[in-house]
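J.: below are the sequence and a predicted model; questions follow.
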Amino acid sequence: MNRTETRWELFETPEVASLDSTAAEPIGLLYRRWNETELVTEVIFAHPEPHRISSVITLEGKRWTTSRFVEDGTDPVIINAEDLIEEEDAIPAYMEFFLLQDAAQLEDSDHTISYHVITPSDPHGIAEDASMWQPEAGTWEIETNGDLASTHWVEEGQIVRSDWQGVVSRPVSPDEAVRTLKGIIDDDELSSLLAHETAGD
């Protein structure tokens, strides 16, 4: 059965100092929906200025076949895995989420995951060195070409907060996301995403 899962995260102002802070200001949405055939990622910012990224990665099992990337309504950038001539383990950047989910289950703080990543907006699909590692228990960092790209905090095997080098996100229920972002993000867009929660597999 091709079960579909979703994950909703609120983008918030980076001044948030703790996981349970109630002083955060919501500024956007990080939405993911995935099953065995595709990973859909929507990045929607309302502040400091409107910004929208849509990524659809076609999957065959754990491997990807096609990446389709659209930023602010521009023409899509499409990358086919079969066209890549180097680094067979290279994945589009939005697939790092799968690696991070697996890493969150690991208890060995000395574990490092090395791989190659492709920037979805680059039509040439040039692979870069990437890695995930734990600087301390409960924290995972992602580096690209040796530079810090993001930091993620884990509790009981779950990703509970992420820092994307200037903006933070935290997971919430679909209802909380819609309620919090009402009037901030287009209501029709939120309703469209929410419809997938009850549409079935």
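T.: Yep, that arrived. If you're wondering where the values come from, they're calculated on a predicted model, not measured in any experiment.
J.: okay, CA-based contacts and neighbour counts for the rest of this
T.: OK.
J.: got the residue ranges for the helices in this structure?
T.: 96-104, 174-181, 187-195 (DSSP state H).
J.: who are the packing partners of the second one?
T.: This means helix 174-181. Helices and strands touching helix 174-181, by 3 or more C-alpha pairs under 8 Å, 6 or more residues apart in numbering; DSSP states H and E, are strand 5-12, strand 26-34, helix 187-195.
J.: roughly how far is that helix from the heart of the chain?
T.: 18 Å (C-alpha atoms, centre = their mean, to the nearest Å).
J.: that older thread, right, so of the helices of the chain, which gets closest to residue 74?
T.: Nearest to residue 74, of all the helices of the chain, is helix 187-195, at 18.2 Å by C-alpha to C-alpha.
J.: now that closest one: buried residues?
T.: 190, 193-194 (16 or more other C-alpha atoms under 10 Å).
J.: tell me how many other residues crowd residue 153.
T.: 21 (other C-alpha atoms under 10 Å).
J.: so where is this protein shaky, pLDDT-wise?
T.: 1, 14-24, 108-109, 198-201 (pLDDT under 70).
J.: what about the strands in it?
T.: Using DSSP state E, the strands of the chain run over 5-12, 26-34, 38-45, 51-60, 63-71, 77-80, 91-92, 112-118, 127-136, 139-144, 147-155, 158-163, 168-172.
J.: take these and write them to JSON lines, including distance to residue 101.
T.: Formatted as JSON lines, these follow (distance: least, C-alpha to C-alpha, whole Å):
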{"stretch": "strand 5-12", "distance to residue 101": "12"}
{"stretch": "strand 26-34", "distance to residue 101": "13"}
{"stretch": "strand 38-45", "distance to residue 101": "14"}
{"stretch": "strand 51-60", "distance to residue 101": "17"}
{"stretch": "strand 63-71", "distance to residue 101": "16"}
{"stretch": "strand 77-80", "distance to residue 101": "24"}
{"stretch": "strand 91-92", "distance to residue 101": "15"}
{"stretch": "strand 112-118", "distance to residue 101": "12"}
{"stretch": "strand 127-136", "distance to residue 101": "11"}
{"stretch": "strand 139-144", "distance to residue 101": "11"}
{"stretch": "strand 147-155", "distance to residue 101": "10"}
{"stretch": "strand 158-163", "distance to residue 101": "7"}
{"stretch": "strand 168-172", "distance to residue 101": "13"}
